[in-house]
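Participant: Sequence first, predicted model second:
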Amino acid sequence: MSAKITIEERKAQILMGLRGYKQLKRKAHKDAVSFVVKIAGEKKALIWCLPTEGTVGVQFINQVRKAMKDEGVNRGVIVTSGRFTQAAKAHSRKRGIELIPRIFPSFNLFEHVLVPKHEIVQPDERQKVLSEYRVQPYQLPRLKVSDPAAKAIGARPGDIVKITRDSPTAGEYVSYRYVVEG
């Protein structure tokens with residue numbers, strides 16, 4: 001393996017680290033690099049790094065979907081420095097492929113002093129939080145799925161995110177956000 005990696009591969013490695021994915025396989029293609037990763041439990045995903053400044057369309061989404069079938073995974077992620085067409089965005093949602101925007105950082109944003117810890121609330125804790133605050137999920141403050149922190153941890157619409165901040169007066173302050181499209 002060469003010492004030089006692309007910015008897209010670096011972003012994929014950051015993403016894997018933040019989400020707790022374990023790399024199973026790395027494969028170099030003609031114009032891209034792919035990783036097969038293990039998610040919690042027995043689930044796997046395919047991360048496809050495309051080093052291009054061009055536009056990613058439906059044809060490429062179909063190509064990644066075929067690669068996902070070949071690897072036996074039902075979840076995919078595309079990391080690119082290019083833009084996505086509107087048709088590709090709509091098509092990828094139907095196919096279970098997450099699109100990482102080109103503005104996604106190539107460093108761990110949670111290492112910055114001003115960015116608090118974000119975690120997706122597990123289903124058992126979710127019910128406890130909702131009953132403690134006596135609210136429905138939609139009544140919590142919102143966090144857009146496009147927020148860099150939400151993207152980094154893999155939050156999806158409908159999730160609840162726990163945000164833990166250090167406070168000079170309260171010690172540790174915990175707040176919850178409901179993840180919405182946007």
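Facilitator: Nice, I can see it. Remember, it's a predicted structure, so these values are computed and weren't measured experimentally. Numbers count the residues shown, from 1 in each chain.
Participant: CA atoms for contacts and neighbours, from now on please.
Facilitator: OK.
Participant: Would you mind pulling up the elements that the top strand by length along the chain packs against?
Facilitator: If you go by DSSP state E, the chain has its longest strand at strand 171-180. Counting by 3 or more CA pairs under 8 Å, 6 or more residues apart in numbering; DSSP states H and E, the packing neighbours recorded for strand 171-180 are strand 142-144, strand 160-167.
Participant: Put the alpha carbons of it into CSV.
Facilitator: Provided in CSV are the C-alpha atoms of strand 171-180 (Å, rounded to 0.1, in the frame of the first residue of the first chain):
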residue,chain,number,x,y,z
GLY,A,171,-20.2,20.7,35.6
GLU,A,172,-21.7,18.6,32.9
TYR,A,173,-24.8,19.6,30.9
VAL,A,174,-26.8,17.1,28.9
SER,A,175,-29.3,18.0,26.2
TYR,A,176,-31.2,16.0,23.6
ARG,A,177,-32.0,16.8,20.0
TYR,A,178,-34.5,15.1,17.6
VAL,A,179,-32.9,14.4,14.2
VAL,A,180,-34.9,15.7,11.2
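Participant: What average pLDDT does that strand get?
Facilitator: Mean pLDDT, strand 171-180: 95.
Participant: likewise stretch 125-132?
Facilitator: The pLDDT scores in stretch 125-132 average 95.
Participant: residues touching the residue most central in space within the chain, list them.
Facilitator: Nearest to the mean C-alpha position of the chain, by CA atoms, centre = their mean, lies residue 154 at 3.5 Å. For residue 154, the contact set (CA atoms under 8 Å, 6 or more residues apart in numbering) comprises residue 19.
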